[in-house]
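**Student:** I would like to see how this sequence folds:
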Amino acid sequence: MTFYSRNLPHFHPKNKTLFITCRLTDSIPVHMLGALRKNYEFELENLFQSHSKSFNFKNRIYDLQKKYFGKYDKLLDSMVSGPDWLKHDCIAELVWNKIHDFNKIKFELVSLSILYNHFHLVIHPDQSLKVSESNKKGKTKSYVIADTLRLIKGSTSREANKILKRQGRFWHHESYDHFVRDKFELDRIVQYVIKNPGKAGLTQPNATWKWSMHNDSFPHDCL
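**Tutor:** Got it, this is the predicted structure:
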């Protein structure tokens, strides 16, 4: 198990499939994030006080986390202001290609959807995955998944800024991640990823989004 924490906790058990969400910088206003976090911490504290000794306490924690991730993602889907650079096909293609460049090298790509201000990614990291040799001093030098995301976000941000003729941060510095518990959860998450563009109004519900994919051949017994 790899664990580290910035604003969010990050648990990366070895040989576990991961669900990751990366968003553009300033894609959710700070005050909205603050309110969301305050409400989550309030409910979490109540949960600890009233159910910490119950046999299904971990499940209650997990349900609460799912609830607030849903609220977080709904904020991203509903934003009518803020950056939406990924709506440009040339920018989305940059991200799409970079993620696919690492497929079969750093991870097995299970599912992907790129929306206007964020993307969802499901990957199964390679068992021998190591931090890149060039990463000797960075904050991610001890964390292989964070290092892989650094490579994806770093190169795409530079190229995207050139295309957009802008400077400054492109991606939000921290990503959301969650390790997949079992094949049933994997099925639910993959359906969420694939259907998210439709729920966000980018395409018709259940229609195929041009920047979505799912690897049907991924073996569930990897979980």
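**Student:** could you use CA atoms for every contact and neighbour count after this?
**Tutor:** OK.
**Student:** contacts only, for Phe19.
**Tutor:** With contact taken as CA atoms under 8 Å, 6 or more residues apart in numbering, Phe19 is in contact with His120, Leu121, Val122, Ile123, Asp177, His178, Phe179, Val180, Ile189.
**Student:** backbone dihedrals for the spatially most central residue of the chain, both of them.
**Tutor:** Closest to where the C-alpha atoms of the chain average out (CA atoms, centre = their mean) is Thr21, at 1.4 Å. Reported as degrees, to the nearest 10, the phi and psi values for Thr21 are phi -130, psi 120.
**Student:** and it, how far from Glu43?
**Tutor:** 23 Å (CA to CA, to the nearest Å).
**Student:** ok, now Phe55?
**Tutor:** Phe55 is 19 Å from Glu43, by CA to CA.
**Student:** ok, now Lys165?
**Tutor:** Distance of Lys165 to Glu43, computed by CA to CA: 43 Å.
**Student:** any idea where the strands of this protein begin and end?
**Tutor:** Remark: strands assigned in the chain by DSSP state E are 2-5, 9-12, 18-23, 107-114, 118-125, 176-179, 212-214.
**Student:** let me see the domain layout of this structure.
**Tutor:** Domains of the chain are assigned by automatic domain parsing as 2-27+84-222, 28-78.
**Student:** highest average neighbour count across these?
**Tutor:** Ranked by mean neighbour count, these are led by domain 2-27+84-222 with a mean of 16 (mean count of other CA atoms under 10 Å).
**Student:** can you list the low-confidence ranges for this structure?
**Tutor:** 1-13, 128-142, 220-223 (pLDDT under 70).
**Student:** residues contacting the residue nearest to the centre of the chain?
**Tutor:** By CA under 8 Å, 6+ apart, Thr21 lies in contact with His118, Phe119, His120, Leu121, Ser175, Tyr176, Asp177.
**Student:** circling back to that earlier point, can you put the strands of the chain in JSON lines and add distance to Asn196?
**Tutor:** Conversion of the strands of the chain to JSON lines gives the following (distance: least, CA to CA, whole Å):
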{"stretch": "strand 2-5", "distance to Asn196": "27"}
{"stretch": "strand 9-12", "distance to Asn196": "23"}
{"stretch": "strand 18-23", "distance to Asn196": "12"}
{"stretch": "strand 107-114", "distance to Asn196": "8"}
{"stretch": "strand 118-125", "distance to Asn196": "9"}
{"stretch": "strand 176-179", "distance to Asn196": "16"}
{"stretch": "strand 212-214", "distance to Asn196": "9"}
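**Student:** among these, which is nearest Lys153?
**Tutor:** With CA to CA, the closest approach to Lys153 among the strands of the chain belongs to strand 18-23: 8.8 Å.
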